[in-house]
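S.K.: what's the 3D shape of this:
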Amino acid sequence: MAEDKYNGTELLICLAARVMEDRSSAFIGTGVPMLAAALAKRLYAPNLVPVFEFGGVGSSLKYLPRGVGESKTFYQAQVASGICDIMETAARGFITYGFLGGAQIDMYGNLNSTVIGPQPSPKVRMPGSGGANDVGSFCWHTIAIMQHDARRFVPKIDFVTTPGYLTGPGAREAAGLFPGSGPYRVVTNLAVLGYEEESKRMMLLSTNPGVTADQVVEATGFELVVPDVVGANDPPTDEELQVLREEIDPEHLYI
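M.R.: Numbering: from 1, shown residues only. Take a look at the predicted model:
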């Protein structure tokens, strides 16, 4: 399919949807994660259990919510609860995936969505954690969705809003977080990245259509692990685009 048949947001949605596994649970945020979960449930993971911060668990996602607390997050849900129960569910280790974003990310998957620049007078103040620290701390695997450039992929983030692998191997466990948990994937406009098992450093897995490994390395502000074989991500299929545009977001709220 020619690249002019889809936009960057649609590509991110499709790549994120393909990551989700059937019979798993996923902590869903506003925007791309919502659409990715809805697409996954229709095409790849029909038994995926979406979890929304304000209490909706297991929604069919037949109708696209405008936010994580909107009534559509409870439509045909298995549970209609509240934020305290949801955070406790995550803290007990019952949520597989968590979707995150941020202004900065480092080689160990630590995320910053709080400030840019040094305290006490940073250049920019951002919304802060919300539920992002809880998601990154308690979900077994986190998936970050970001734009890819050297200003965002940095050697040292200005503030640790959400823990990744912290300072490297063993650091999460030393901080009291679940052994075996941590960052899983980073989905960007250039590539899909993961983490090297031994070093816990970010690793290039596959490039997006029309993107080379060298371009990904150049857009990354730290040394990226590049394996001998780098995969290639398929562009959105006709079926993915049709379902996304005609069934999931026909009003073009996000795409």
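S.K.: Now do the buried residues in stretch 190-199.
M.R.: 190-195 (16 or more other C-beta atoms under 10 Å). Quick note: C-beta positions are derived from backbone N, CA and C, even for glycine.
S.K.: could I get those as JSON lines with secondary structure and distance to F52?
M.R.: Below are those laid out as JSON lines (DSSP: H, G, I helix; E, B strand; the rest coil; distance: C-beta to C-beta, whole Å):
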{"residue": "L190", "secondary structure": "coil", "distance to F52": "29"}
{"residue": "A191", "secondary structure": "strand", "distance to F52": "28"}
{"residue": "V192", "secondary structure": "strand", "distance to F52": "25"}
{"residue": "L193", "secondary structure": "strand", "distance to F52": "26"}
{"residue": "G194", "secondary structure": "strand", "distance to F52": "26"}
{"residue": "Y195", "secondary structure": "strand", "distance to F52": "27"}
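S.K.: between these, which is closest to V68?
M.R.: V192 (24.4 Å; C-beta to C-beta).
S.K.: That closest one is in contact with N233, isn't it?
M.R.: Yes: proximity of V192 to N233 meets the contact threshold set by C-beta atoms under 8 Å, at 6.1 Å.
S.K.: Between those two, which contacts overlap?
M.R.: Between them, V192 and N233 share these contacting residues under C-beta atoms under 8 Å, 6 or more residues apart in numbering: 15, 206, 208.
S.K.: Just the buried ones from those residues?
M.R.: 15, 206, 208.
S.K.: The last one is in contact with E10, isn't it?
M.R.: Read that as N208. No: in this structure N208 lies outside contact range of E10 using C-beta under 8 Å: 11.9 Å.
S.K.: shared neighbours of those two, which are they?
M.R.: Joint contacts of N208 and E10 (C-beta under 8 Å, 6+ apart) do not exist.
S.K.: which residues in the chain form strands?
M.R.: In the chain, the strands defined using DSSP state E lie at 25-28, 49-52, 56-57, 79-80, 97-100, 104-105, 111-112, 115-116, 124-125, 141-146, 182-188, 191-195, 202-207, 231-232.
S.K.: can you put the shared contacts of V192 and N233 in JSON lines and add distance to R92 and pLDDT?
M.R.: JSON lines is the format used below for the shared contacts of V192 and N233 (distance: C-beta to C-beta, whole Å; pLDDT from 0 to 100):
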{"residue": "L15", "distance to R92": "30", "pLDDT": "96"}
{"residue": "S206", "distance to R92": "33", "pLDDT": "98"}
{"residue": "N208", "distance to R92": "36", "pLDDT": "98"}
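S.K.: Tell me the one among the residues you listed nearest to R185.
M.R.: Proximity of those to R185 (C-beta to C-beta) peaks at L15, which lies at 9.0 Å.
S.K.: I figured that closest one was touching V186, is that so?
M.R.: No: using C-beta under 8 Å, L15 makes no contact with V186, being 10.5 Å away.
S.K.: Touching both of the two, which residues are there?
M.R.: V192.
S.K.: about what we covered before: looking at the buried residues of stretch 190-199, which is nearest G56?
M.R.: V192 (27.7 Å).
S.K.: Identify the residues contacting the closest one.
M.R.: V192 makes contact with 15, 19, 185-186, 205-206, 208, 233, according to C-beta under 8 Å, 6+ apart.
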